[in-house]
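>>> Generate a structure from the sequence data that follows.
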Amino acid sequence: MGGARKRARPTADARGNALMDQDTAATMPTTRIRKPLIPFNVGLVLPAQLTMLAVVLAPTLIAIYLSVTDWQPTAGVPWYRAEIVWFWNFYDLWYDERYINALWRTLLVVVVAVVCELAIAIGLALLFLDEWPWRKLAVSVLILPMMIVPVDAANAFFMLFNDRGPINHLIGMAIGRSFEFSWLSDPNWALAPIVLCEIWQWTPLMFLLMLTGFTNLLQNQIRAAIVLGASRVRIFFRIMLPLLMPVIAVALLIRGIETFKIFDAVYILTRGGPGASTETISMFMYNGAFVYFRIGYIAAAALLVLVVVVSICLALSRPLKRHHG
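Sure, this is the predicted structure:
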């Protein structure tokens, strides 16, 4: 077509310059950017993770090895040359009544203490939901037992439940005559001061968790129920408590694990006595390792306890999975 424009052909100089540019680009060395072997974000946390892995993994592997040996420090043999007995330690533990009783006794302490802590904590949290004078001061006073060293708390309860301590004195004033009872020497009652000490010291932690959970609940459903005329009891059991279940599950998990490791109160108050009537699993392993020096046997007991604790944790974590699912 006559109106169409013709493309201008490149001149010789332009073609020559283009060829020179191509030759120069072909002869220039190409630099490739190498990717790092470890991503930057992984490299930041890797030293800490390796340290934690070494701290956790090394003792675990040593404990697993010792659990299949009959090593005792008093035998004069290094632990890595101990006699291998394979699974005989676990077999003996299965028929060890003292170990089984200590395990059941520890579970009893966990159930009683944690349930009482939860019930008291929920009641106190409901009381502190409303604003009233000196509320912040009362919260500060309530959490004071949690700040005390467990050994000092156990010493305080040792003084309270002494034969001539304040508890017997108050009971004597109530009944109108002298009352002397050896709480810590009676096989049927020696466990009660231990459980009371645990409840007194750690109910504040449960209280803080429950109070935080109540204050973070969605208020729309509660206000709607109040407008519709629902009672406080019905609102608590039908609305507040179901919404609080994830917090309760976390609190039970934390306190269950911590109470299972109870040692200070048992050691200070009774040393596991009289006999073995208050011996918990931690006290059993302490006596076996540092009194009788049966390190291999106690390593096997510790592994079995680990299995029990993991099973309890998995059972308590199911409500959280259902809530998030």
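>>> if I look at residue 297, how far off is residue 291?
To residue 291, residue 297 is 12 Å away according to Cβ to Cβ, to the nearest Å. C-beta: built from backbone N, CA, C; applies to glycine.
>>> More neighbours: those two, which one.
Shown here are residue 297 and residue 291; by other Cβ atoms under 10 Å, residue 297 has more neighbours (27 against 8).
>>> Now that one: closest residue in space, sequence neighbours ignored.
Nearest non-adjacent residue to residue 297, counting by Cβ to Cβ, 6 or more residues apart in numbering: residue 89, 5.2 Å away.
>>> Could you report the neighbour count for that neighbour?
Around residue 89 there are 24 other residues, counting by other Cβ under 10 Å.
>>> do the same with residue 71
Counted with other Cβ under 10 Å, the neighbours of residue 71 add up to 24.
>>> Mind pulling up the pLDDT for the nearest residue to it once chain neighbours are set aside?
Nearest residue to residue 71, sequence neighbours excluded (Cβ to Cβ, 6+ apart): residue 82, at 3.4 Å. Note on residue 82: pLDDT of 87.
>>> what sits against residue 129?
Counting by Cβ atoms under 8 Å, 6 or more residues apart in numbering, residue 129 touches 211, 214-215.
>>> Oh, that last question was meant for residue 281, not what I typed.
Applying Cβ under 8 Å, 6+ apart, the residues contacting residue 281 are 102-103, 105-106, 260, 301, 305.
>>> on that earlier part again, so the residue nearest to residue 71 makes contact with residue 70?
Yes: with contacts counted by Cβ atoms under 8 Å, residue 82 reaches residue 70, the gap being 6.5 Å.
>>> Between the two, which contacts overlap?
Applying Cβ under 8 Å, 6+ apart, one finds that residue 82 and residue 70 are jointly contacted by residue 296.
>>> Residue 61: neighbour count?
Applying other Cβ under 10 Å, we find 10 residues neighbouring residue 61.
>>> Are we agreed that it is in a helix?
Yes: counting by DSSP: H, G, I helix; E, B strand; the rest coil, one finds residue 61 located in a helix.
>>> For the stretch 201-325 of the chain, give me the ranges with low pLDDT.
Scanning the stretch 201-325 of the chain for pLDDT under 70 picks out 319-325.
>>> As a check, name the ranges of all helices in it.
For the stretch 201-325 of the chain, the helices defined by DSSP state H, counting those that start in this stretch cover 219-227, 232-235, 241-260, 264-269, 281-290, 295-324.
>>> Any idea which of these gets closest to residue 207?
For those, distance to residue 207 was read as Cβ to Cβ. The smallest value, 9.8 Å, belongs to helix 241-260.
>>> and the closest one with helix 219-227, angle?
Counting by axes from the mean of the first three to the mean of the last three Cα atoms, to 10 degrees, helix 241-260 lies at 120 degrees to helix 219-227.
>>> List the contacts of helix 241-260.
Residues outside helix 241-260 that contact it (Cβ under 8 Å, 6+ apart): 106-107, 109-110, 113-114, 117-118, 121, 198, 202, 205-206, 209-210, 212-214, 217-218, 221, 281, 309, 312-313, 316-317, 319-320, 323.
>>> From the residues you listed, list the buried ones, please.
Buried by 16 or more other Cβ atoms under 10 Å: 106-107, 109-110, 113-114, 117-118, 121, 198, 202, 205-206, 209-210, 213-214, 281, 312, 316, 319, out of the contacts of helix 241-260.
>>> In strands, which of these appear?
With DSSP state E as the criterion, strands contain none of those.
>>> hang on, isn't residue 143 packed against residue 208?
Yes: with contacts counted by Cβ under 8 Å, residue 143 reaches residue 208, the gap being 6.5 Å.
>>> more neighbours, those two?
With neighbours defined as other Cβ under 10 Å, residue 143 and residue 208 compare such that residue 208 has more, 18 against 14.
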